[in-house]
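J.: below: sequence and its predicted model.
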Amino acid sequence: MESSCYGILRRASAIAALTAALLAPSLSARAQGLEEPFREPYLKALQGKVVAYLPVAMSFDLAQGWLAGLKRELEPLGVKIVVRDPNWSTNAALKRSPT
């Protein structure tokens, strides 16, 4: 019985070592940074843009959470976020408001 436990332990440690050996190159590549040729033009194109957020209503936490996520991700990139709260009114949602 003890020898089978040692065999299982040996196999588990061999699998863990193999996994570590396979993941090591990807971790070192991530530490060095990858060359992303399209990142700079993409970030430059976002600056000064306006994103309009039009939820059904801002009175519930899901809409507020989405707005917080948009602000967290887009404002550091120079994107302006405009919120239009129609407060469950389809007529108000359809009106085009000045930006």
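T.: Sure, I can see it.

J.: who touches the residue nearest the centre of the chain in this structure?
T.: For the chain, the residue sitting closest to the mean C-alpha position, by Cα atoms, centre = their mean, is Glu73 at 7.9 Å. Applying Cβ atoms under 8 Å, 6 or more residues apart in numbering to Glu73 gives no contacts. C-betas here are computed from N, CA, C, even on glycine.

J.: which positions in the helix or strand hosting it come out as buried?
T.: Using DSSP states H and E, Glu73 sits within helix 61-74. Under the neighbour-count criterion of 16 or more other Cβ atoms under 10 Å, helix 61-74 has Ala63, Leu67, Leu74 buried.

J.: from the chain's centroid, how far away is it?
T.: 12 Å (Cα atoms, centre = their mean, to the nearest Å).

J.: let's number from 29 now, not from 1
T.: New numbering, starting at 29: the last item is helix 89-102.

J.: average pLDDT for that helix?
T.: Helix 89-102 carries an average pLDDT of 93.

J.: any idea which helix or strand comes after the lowest-mean-pLDDT helix or strand in the chain?
T.: When the helices and strands of the chain are scored by mean pLDDT, DSSP states H and E, helix 30-60 comes last with a mean of 70. Sequence order places helix 67-74 as the next helix or strand after helix 30-60, per DSSP H and E.

J.: how much space between the spatially closest residue to Trp116 that is not a sequence neighbour and Arg112?
T.: Once flanking residues are discounted, Trp116 sits nearest to Ala85: 5.1 Å by Cβ to Cβ, 6 or more residues apart in numbering. Distance of Ala85 to Arg112, computed by Cβ to Cβ, to the nearest Å: 11 Å.

J.: for Cys33, same thing?
T.: 65 Å.

J.: same thing with Lys77?
T.: Lys77 is 16 Å from Arg112, by Cβ to Cβ.

J.: which one's more surrounded, those two?
T.: More crowded of Lys77 and Arg112, by other Cβ atoms under 10 Å: Arg112, with 15 against 12.
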